[in-house]
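Chemist: here is the input, now give the coordinates:
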Amino acid sequence: MGAKLRYAMVCSSNQNRSMEAHALLKRHGFDVSSYGTGAHVKLPGPSLREPNVYDFGTPYKLMHDELRRKDPDLYKRNGILPMLKRNLGVKNAPQRWQDNAADGCFDVVVTFEEKVFNIVIEDLSNRKQVLIRSVLIINLEVKDNHEEAATGGKLALELCQEIESADCWEDAIDDIVAAFERQHKRKLLYTISFY
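Modeler: Prediction:
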């Protein structure tokens, strides 16, 4: 199928939840990008107090090679090296949502936690609105661990397939969300914003 809508997957660091969904949607032929909304990209370190912190735009490959040098056993065991390897197969580096104006408009933005959902809405309302094009922002709450991200990616794919196959998502979205919530026993937040 040729995708008719443009999708963005957004979490905090553009590493786990958004990239799991990005990889899956890309494999299914969607026109998809992904972003993080945090100030920095954070990856777990040797302890909670010592995360690995990177700037957005730092290539996944560079992170992967650096962490493999630091402690290959730890970062293999906690799933960070396999995740970074997956990520570098999808795109070069994590991107920040707030800096993405040059990427053009999206039709559907899926976020994976409420804080990120609110940041995206606020960011769009602060932008100069030129086209007045509607964009659906929808939040699917997913815990930031590898198991949950895998489930979240599948749910995001299913949701986007429903939206993609609707003749007019603006008319269909209430029904799509209601059916999804019933089937998966998960609450979705959504709003329509504008570019």
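
Chemist: alpha carbons only for contacts and neighbour counts from here, please
Modeler: OK.

Chemist: and residue 61, how many neighbours does it have?
Modeler: By the other Cα atoms under 10 Å criterion, the neighbourhood of residue 61 contains 17 residues.

Chemist: same deal with residue 184?
Modeler: That count, for residue 184 with other Cα under 10 Å as the rule, works out to 9.

Chemist: mind checking how far it is from residue 119?
Modeler: 25 Å (Cα to Cα, to the nearest Å).

Chemist: with residue 181 instead?
Modeler: From residue 181 to residue 119 the distance is 23 Å (Cα to Cα).

Chemist: which of the two has more neighbours?
Modeler: With neighbours defined as other Cα under 10 Å, residue 181 and residue 119 compare such that residue 119 has more, 17 against 13.

Chemist: show me where this structure has strands.
Modeler: 6-11, 31-36, 41-43, 52-54, 108-111, 134-140, 188-194 (DSSP state E).

Chemist: check the offset of the lengthiest helix in the chain from the chain's centre.
Modeler: In the chain, taking DSSP state H as the definition, the longest helix is helix 146-165. On the basis of Cα atoms, centre = their mean, to the nearest Å, helix 146-165 is displaced by 11 Å from the centre of the chain it belongs to.

Chemist: pLDDT of it, averaged?
Modeler: What helix 146-165 shows for mean pLDDT is 97.

Chemist: same check, this time on stretch 15-28
Modeler: 98.

Chemist: in that stretch, what's buried?
Modeler: 15, 16, 17, 18, 19, 20, 21, 22, 23, 24, 25 (16 or more other Cα atoms under 10 Å).

Chemist: next: stretch 36-47.
Modeler: 36, 37, 38, 40, 41, 42, 45.

Chemist: contacts for stretch 25-43?
Modeler: Defining contact as Cα atoms under 8 Å, 6 or more residues apart in numbering, one finds that stretch 25-43 is touched by 1-15, 18-19, 22, 51-56, 80, 94-98, 116, 119-120, 157.

Chemist: which among these count as buried?
Modeler: Among the contacts of stretch 25-43, those classed as buried by 16+ other Cα under 10 Å are 5-15, 18-19, 22, 52, 54-56, 80, 94-98, 116, 119-120, 157.

Chemist: return the distance of the nearest residue to residue 11 once chain neighbours are set aside relative to residue 55.
Modeler: In this structure, residue 11 finds its nearest non-sequential neighbour in residue 36, 4.9 Å apart by Cα to Cα, 6 or more residues apart in numbering. Using Cα to Cα, one gets 11 Å for the distance from residue 36 to residue 55.

Chemist: low-confidence ranges, this structure, go.
Modeler: 1-3 (pLDDT under 70).
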